[in-house]
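In: Next one to model:
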Amino acid sequence: MNHLSINWSFSHHHFSHLISIALERKMSKHLLLCFLFFLPFSQLLLSSCFPFSNSTKICPHGQSLALLHLKKSFSIKNENDYCEFPSFPKTKYWKEGSDCCSWDGVVCDLVTGHVIELDLSCSWLSGTIHSNSSLFHFPHLQSLNLAFNDFSGSSVLDGFGRFSSLTHLNLSDAGFSGLISPEISHLSNLVSLDLSWNDGAEFSPHGFDSLVQNLTRLQKLHLGGISISSIFPNSLLNRSSLISLDLSYSGLHGRFPDNDIHLPKLELLYLYGNQDLSGNFPRFSENNSLIDLALLSTNFSGELPTSMGNLKSLQTLYLSDCQFSGFIPASLGNLAQITLLYLGMNHFSGQIPPSIGNLTNLHALDFSINQLEGVIPSPVNLPSLEIIDLSMNELQGSIPSSIFELVNLTSLYLSSNNLSGVLETSKFEKLRNLIDLYLSNNMLSLTMSVHSNSMLPNIVRVDLSNNNISGILSWNMGNDTLSYLNLS
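Out: Down below sits the predicted model:
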């Protein structure tokens, strides 16, 4: 490690939440990180920890000119639709005559003055990067971030492969298209590579395989939305340094390896959107750090192993729209950190395990469109739950009274089951945050309570159709918020 550099990168959406996070650089946080590693790297770190005064210019004249030429090669858009947080046009404040090492987004080496970090992410830039761009006049760069701009018409050129000292490269969501230069695979010092969500960008045949083979130090590899059109490389599962791997919507096909995964540092694995990728639920060793796992919209199948209860750090699990079957294992209740649990659109059968009630950090639960039967287990203590979707199953019995105690609930979807019983409108009294209520296609009855006019003040959509509801419903729902009501 020659210089402490931070790659501020962003996920394209949840995962488009799902999984990635950005903060604008703040000096206090930068200082803290620098001092944490200060002793072994003191000389070089000074360049990034302390700003330079106007009286101490260390930026070589040639580099200053190159940066100003780079500035002129782009236009600045009036607004930036790409960023997920407040941003500003960094290059707008680059002024001739001042030290370029003090400019926004620029970090220099204290001794040589060479630009070693260039962060122009979310800078409202628009234009095309050509092969003769002055961007490629900074051979000492260790970190380059051009994410969340509009470089439409640009491709990932050979020039990017000439930054031999580069450890962090982020070109995500920046409008790149066309073939990705194979020179990228020569950046052997890279620990973080993010090319994700550049629609139309693709690897040449065997280009992805070369990249995986050569970039052995990678901790983060994000290629979501990039056309790879390859089988999943087994060698990736041998990279003990991997922390974050996103190959979503990349055209992966074939079968995911069935062997155990020994990646103790891996925190994020996104394979979603690869409909021709098959396999069983990945077998992670007990010594794992996995936080986010997304396999939705793939051809993964088989039963969920009881060993998935060993994913103690897991916070988000997306398995929707796959081919999984069998029972939902009770060991799912061991995932104490889980916040988002999506198992919808599969072939699960049997009953919902009562151990789900142990997931006290759960915000969203989706078991919809399966063949689940039996009664809905009563949630014991799910204070954070906001979304319940159990629609289109074969569930029976009444709606547990404990559901009506979930004060943070915003969406309740129980349509198309065999639920029965009488619901009094007073039961909804505590669900004051409820926005969506879908109970259609069941055998439920509804009775009006005397003091029900102020119930559900934030409700927007209600569907109670095809139940045993008769007569005129005088339930005054929503304070001018109700936009859809179906009682047919």
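
In: In the chain, where is pLDDT below threshold?
Out: Along the chain, segments meeting pLDDT under 70 span 1-57, 79-82, 380, 449-454, 471-476, 478-479.

In: for it, which strand is longest?
Out: In the chain, taking DSSP state E as the definition, the longest strand is strand 418-424.

In: Neighbouring strands of that strand in the sheet, and parallel or not?
Out: Partner strands for strand 418-424, per DSSP bridges, with pairing direction: strand 394-397 (parallel), strand 443-447 (parallel).

In: what's the distance between the last one and the middle of its chain?
Out: What it means is strand 443-447. Put simply, strand 443-447 sits 40 Å off its chain's centre (CA atoms, centre = their mean, to the nearest Å).

In: which residues are contacting that strand?
Out: The contact list for strand 443-447 (CB atoms under 8 Å, 6 or more residues apart in numbering) reads 399, 418-425, 464, 467-469, 473. (Each C-beta comes from the backbone N, C-alpha and C, glycine too.)

In: which element follows it toward the C-terminus?
Out: strand 461-463 (DSSP states H and E).

In: ok, and for the following helix or strand past that next one, which residues are buried?
Out: Downstream of strand 461-463, the first helix or strand assigned by DSSP H and E is strand 484-486. Applying a neighbour-count criterion of 16 or more other CB atoms under 10 Å, the buried positions in strand 484-486 are L485.

In: ditto for stretch 226-236
Out: For stretch 226-236, by 16+ other CB under 10 Å, it's 226-228, 230-233, 236.

In: can those residues go into JSON lines with extra columns for secondary structure and distance to F208?
Out: As requested, the buried residues of stretch 226-236 are exported to JSON lines (DSSP: H, G, I helix; E, B strand; the rest coil; distance: CB to CB, whole Å):
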{"residue": "I226", "secondary structure": "coil", "distance to F208": "9"}
{"residue": "S227", "secondary structure": "strand", "distance to F208": "9"}
{"residue": "I228", "secondary structure": "coil", "distance to F208": "5"}
{"residue": "S230", "secondary structure": "coil", "distance to F208": "5"}
{"residue": "I231", "secondary structure": "strand", "distance to F208": "10"}
{"residue": "F232", "secondary structure": "coil", "distance to F208": "10"}
{"residue": "P233", "secondary structure": "coil", "distance to F208": "8"}
{"residue": "L236", "secondary structure": "helix", "distance to F208": "10"}
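
In: still on that earlier bit, okay, the strands paired with strand 418-424 in a markdown table with mean neighbour count and distance to G309 next?
Out: As requested, the strands paired with strand 418-424 are exported to a markdown table (neighbours: other CB atoms under 10 Å; distance: least, CB to CB, whole Å):
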| stretch | mean neighbour count | distance to G309 |
| --- | --- | --- |
| strand 394-397 | 16 | 24 |
| strand 443-447 | 16 | 34 |
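
In: What segments of the stretch 51-200 of the chain are helices?
Out: 61-72 (DSSP state H, counting those that start in this stretch).

In: scratch that, the stretch 301-450 of the chain
Out: Here the stretch 301-450 of the chain has no helices by DSSP H, counting those that start in this stretch.

In: Strands of that one, start to end?
Out: Using DSSP state E, counting those that start in this stretch, the strands of the stretch 301-450 of the chain run over 316-318, 323-327, 340-342, 347-351, 364-366, 371-375, 387-389, 394-397, 411-413, 418-424, 436-438, 443-447.

In: and of those strands, who's closest to E267?
Out: strand 316-318 (11.0 Å; CB to CB).

In: Counting by contacts, list what the closest one packs against.
Out: Packing partners of strand 316-318 (3 or more CB pairs under 8 Å, 6 or more residues apart in numbering; DSSP states H and E): strand 292-294, strand 340-342.

In: Can you tell me the element Q213 falls in?
Out: According to DSSP H and E, Q213 maps onto helix 207-214.

In: before we move on, the earlier item: return the most buried member of the helices and strands packed on strand 316-318.
Out: Highest mean neighbour count of the helices and strands packed on strand 316-318: strand 292-294, a mean of 25 (counted as mean count of other CB atoms under 10 Å).

In: Show me the contact partners of that strand.
Out: Strand 292-294 has contacts (CB under 8 Å, 6+ apart) with 15, 18-19, 248, 267-272, 282, 311, 314-318.

In: hang on, the earlier thing: make TSV out of the strands paired with strand 418-424 and add distance to N408.
Out: Below are these laid out as TSV (distance: least, CB to CB, whole Å):
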stretch	distance to N408
strand 394-397	22
strand 443-447	23
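
In: So which of those strands is nearest K77?
Out: Of all the strands paired with strand 418-424, strand 394-397 comes closest under CB to CB, at 50.6 Å.

In: and that closest one, C-alpha only, in CSV?
Out: Extracted in CSV, the C-alpha atoms of strand 394-397 (Å, rounded to 0.1, in the frame of the first residue of the first chain):
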residue,chain,number,x,y,z
GLU,A,394,-52.7,-21.6,0.6
LEU,A,395,-52.8,-20.3,4.1
GLN,A,396,-55.7,-20.9,6.3
GLY,A,397,-57.3,-19.8,9.6
